[in-house]
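>>> Kindly generate the corresponding structure for this input.
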Amino acid sequence: NAEYMGDLLNNTWSTIKQQSCEVRESHNKPSTSNNQWRVLTLFISSTFNDMFNEREITVKHVVPELRAYCETRRVRLYECDLRWGVPKDTDANETVATCLDELEKCYNETGGDPYFLCFLGERYGWVPNKENLLEEVQNKFDWIDNISITHMEIVRAAFRSKANNCYFCLRDNSFMKELPSDVLKKFDEHIVDSRLQLIELKSRLREEFEDHGQLVSYDPVLKSVDDGYVVLNDMETLANDILEFFKRSIDRDFPELSADDVDMADVVHSDHISKKTELVIGVQDHVNDIQDYLVKRDTSKKLVKQHSCDESIIQSVSGSKPMVVIGDAGMGKSTVVAEVCRQLSKRPDIKLFYHFVGCNSSTADIELLYKRLLPFLNSSINVEHNSIIDAAEIKNKLFDSIDIGTKYVIVLDAVNELSDEGSHQHMTWLPDDIPRNVSILFSATSQSSSFQKILNSTKTVWSFQLTPFDESSRRALVTEFFKRYNKKLDNNQMSILVNKDGGGNPFWLSIACEELRIYGVFEKLDEVIANLPNGWKILSNTLLKE
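As a prediction, this is how the structure comes out:
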């Protein structure tokens, strides 16, 4: 009755108001004065089945553009889209905790201004029964009785923090008139209490956020209904509105770095190391073995092999000889090399140089490599920007002025992608004799000519062959990947994925996880995993098209 509903709404909003008054007025923003990469998570809140289109356009179009925008500010952007990832058969306590714990992370990483995107239509969503929630869960999240989990997310992200980074998208229901009756029930709210709570919630959101530019209304057009799934048109304007709002927030919270803040000659490579070593799984033994060779000259490891143009040369090697990490495309060479660099960079007793070919469009230029490497080995050398340096010149003076009391490590990743790879000069700049206090590490694909060119230049070379991931490493990589997005495959899904023919290739596995991460229909996830193509190039093309 009207009196009951009035009391219900009054109790709900008086509790929200009381909790809002207890929130501190100012927030301590994360520091933006250093060059360290920071993490930012965009929490996406809505009911699920009726907001498929909105979540799809957000995950597949809005987030990728925002991610690229954030990277110019040394910020890693992730999205939290919980359409799938909450384990099957979980009880109310675990479901509530999964959603609100992730939102709490977003709150904490921004100092109290979570990046929160909410879509509301005509569904209020699941209302947990308070009797089914443990007292511990209720106390942890200051649970409010008789509201939906979506409503609770809104309260926690916005009303309790007065957050500046919350954006609400309220959908007009005109298109619902064209929906078949069996589909309409997924889009309409039939429980009276919930319908009235939703009406009041929308009213309060307009009152609180519309004048601040944090709320937009949109009116999509029905395109089709396919196998029960509704496809909506005219969503581009909404996507642009979301993009512009969060770009303004990012501009405010994470200003662009000035040229004085970073050394632009080296930053692309250090950033590449940071990105490549975000998820390092199953290769730590390889990293240790490679470091043992570079630092201690330990050649006892089983994956370390020696090669020579002439077997008699092996007995007369007096100086240092380079090591080449080799493996098929996608086997994780760059990740291994980046992790080696990350760990060695912490050692004050080592002077480290690294160059990652392919981390941007200019790094394949052999001239750029020369112009970075020469001054590193001899600070008195001033290489003119427009000067031309040839391989013979490098070969003759590369180590002329190094400090014999200093340990040098030179790391060049993906040398098979250098601009001179097809020429007769490729890798001929390497001197025949490398000083004992200099260690050089290369990486190249197994099929490239670079390995043989290095061998021709130095006469003797050590190799480290990367092998396919075992099942334990495959499972660990998948688990850690999805953990960043608060998602989790069940046992059957995990088994199907890691036992695919491509599963031993880390790059294939990473692309497969990325493809699954943005897939929005939980009920079809098993089928999608089973049908993933095994070749990483085919899988990459599939992801790029989407």
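
>>> Residue 249 contacts residue 117, correct?
No: Residue 249 is not in contact with residue 117 according to C-beta atoms under 8 Å; the separation is 10.8 Å. For the C-beta atoms, the positions are set from N, CA and C on the backbone; glycine is no exception.

>>> Which of those two has more residues huddled nearby?
residue 117 (26 against 22; other C-beta atoms under 10 Å).

>>> Make sure the more buried one is indeed in a strand.
Yes: per DSSP: H, G, I helix; E, B strand; the rest coil, residue 117 lies within a strand segment.

>>> Relative to residue 136, how far out is it?
As for residue 117, its distance to residue 136 is 29 Å (criterion: C-beta to C-beta, to the nearest Å).

>>> Extract the C-alpha set from the helix or strand where residue 287 lies and format it as CSV.
In this structure, residue 287 is located in helix 284-296 according to DSSP states H and E. Backbone C-alpha positions of helix 284-296 (Å, rounded to 0.1, in the frame of the first residue of the first chain) are rendered in CSV as follows:
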residue,chain,number,x,y,z
GLN,A,284,61.2,-17.0,-13.9
ASP,A,285,63.6,-20.0,-14.2
HIS,A,286,64.4,-18.8,-17.7
VAL,A,287,65.1,-15.3,-16.4
ASN,A,288,67.4,-16.6,-13.7
ASP,A,289,69.3,-18.8,-16.1
ILE,A,290,69.8,-15.9,-18.6
GLN,A,291,70.9,-13.6,-15.8
ASP,A,292,73.4,-16.2,-14.5
TYR,A,293,75.0,-16.2,-17.9
LEU,A,294,75.1,-12.4,-18.3
VAL,A,295,76.4,-11.8,-14.9
LYS,A,296,78.3,-14.9,-13.8
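
>>> Excluding its own residues, what touches the helix or strand following that helix? List them.
Where DSSP H and E defines the elements, the next helix or strand beyond helix 284-296 is strand 304-308. Strand 304-308 is contacted from outside by 289, 293, 299, 314, 323, 455, 459-465, using C-beta atoms under 8 Å, 6 or more residues apart in numbering.

>>> Could you save the residues you listed as CSV and add columns showing secondary structure and distance to residue 218?
Output for the contacts of strand 304-308, formatted as CSV (DSSP: H, G, I helix; E, B strand; the rest coil; distance: C-beta to C-beta, whole Å):
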residue, secondary structure, distance to residue 218
289, helix, 56
293, helix, 59
299, coil, 64
314, helix, 71
323, strand, 57
455, helix, 62
459, coil, 68
460, strand, 67
461, strand, 61
462, strand, 61
463, strand, 58
464, strand, 55
465, strand, 55
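
>>> name the helices or strands packed onto the helix holding residue 287?
Packing partners of helix 284-296 (3 or more C-beta pairs under 8 Å, 6 or more residues apart in numbering; DSSP states H and E): strand 323-327, helix 333-344, strand 407-413, strand 438-445, strand 460-465.

>>> Where does pLDDT dip in this protein?
For the chain, applying pLDDT under 70 flags the ranges 22-35, 85-89, 162, 258-265, 309-319, 380-388, 536-537, 540-546.

>>> Name the single longest helix found in it.
Assignment by DSSP state H gives helix 2-21 as the longest helix of the chain.

>>> circling back to that earlier point, which residues belonging to the helix holding residue 287 are considered buried?
286, 287, 289, 290, 291, 293, 294 (16 or more other C-beta atoms under 10 Å).

>>> try stretch 332-348
Applying 16+ other C-beta under 10 Å to stretch 332-348 flags 332, 333, 334, 335, 336, 337, 338, 339, 340, 341, 342, 344 as buried.

>>> Can I get that stretch in PDB, CA atoms only?
Output of stretch 332-348 as PDB, limited to C-alpha atoms (Å, rounded to 0.1, in the frame of the first residue of the first chain):
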ATOM      1  CA  GLY A 332      57.400 -14.900 -24.900                       C
ATOM      2  CA  LYS A 333      60.900 -13.700 -25.900                       C
ATOM      3  CA  SER A 334      60.100 -10.100 -25.300                       C
ATOM      4  CA  THR A 335      58.500 -10.800 -21.900                       C
ATOM      5  CA  VAL A 336      61.600 -12.800 -20.800                       C
ATOM      6  CA  VAL A 337      64.000 -10.100 -22.000                       C
ATOM      7  CA  ALA A 338      61.900  -7.300 -20.400                       C
ATOM      8  CA  GLU A 339      61.900  -9.200 -17.100                       C
ATOM      9  CA  VAL A 340      65.700  -9.700 -17.300                       C
ATOM     10  CA  CYS A 341      66.000  -5.900 -17.800                       C
ATOM     11  CA  ARG A 342      63.600  -5.000 -15.000                       C
ATOM     12  CA  GLN A 343      65.600  -7.100 -12.500                       C
ATOM     13  CA  LEU A 344      69.000  -6.000 -13.700                       C
ATOM     14  CA  SER A 345      68.000  -2.400 -13.600                       C
ATOM     15  CA  LYS A 346      67.800  -2.600  -9.800                       C
ATOM     16  CA  ARG A 347      71.500  -3.500  -9.600                       C
ATOM     17  CA  PRO A 348      73.700  -0.500  -9.000                       C
END
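
>>> ok, back up a step: quick check: which of the helices and strands packed on helix 284-296 is nearest to residue 183?
When these are compared by C-beta to C-beta, helix 333-344 sits nearest residue 183, at 45.3 Å.

>>> which residues are contacting that closest one?
With C-beta under 8 Å, 6+ apart as the criterion, helix 333-344 contacts 272-273, 276-277, 280, 283-284, 286-287, 290-291, 294-295, 325-327, 350, 352, 354, 356, 409, 411, 413-414, 441, 443-445, 466, 506.

>>> Minimum distance to residue 374: which of the helices and strands packed on helix 284-296 has it?
Comparing those by C-beta to C-beta, strand 407-413 comes nearest, at 11.7 Å.

>>> tell me what the closest one is packed against?
Packing contacts for strand 407-413, counted by 3+ C-beta pairs under 8 Å, 6+ apart, involve helix 284-296, helix 333-344, strand 350-356, helix 366-377, strand 438-445.

>>> got the angle between the longest one and strand 407-413?
With axes from the mean of the first three to the mean of the last three C-alpha atoms, to 10 degrees as the basis, helix 284-296 and strand 407-413 are set at 140 degrees to each other.

>>> Next, format the helices and strands packed on helix 284-296 as CSV and append distance to residue 153.
Output for these, formatted as CSV (distance: least, C-beta to C-beta, whole Å):
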stretch, distance to residue 153
strand 323-327, 44
helix 333-344, 35
strand 407-413, 43
strand 438-445, 45
strand 460-465, 48
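
>>> Make sure residue 157 is actually in contact with residue 115.
No: between residue 157 and residue 115 there is no contact under C-beta under 8 Å: 9.1 Å.

>>> list residues touching both of those two?
With C-beta under 8 Å, 6+ apart, residue 157 and residue 115 have common neighbours 43, 106.

>>> and the helix or strand harbouring residue 495, how far from the chain's centre?
Here residue 495 sits within helix 491-498, counting by DSSP H and E. Put simply, helix 491-498 sits 22 Å off its chain's centre (C-alpha atoms, centre = their mean, to the nearest Å).
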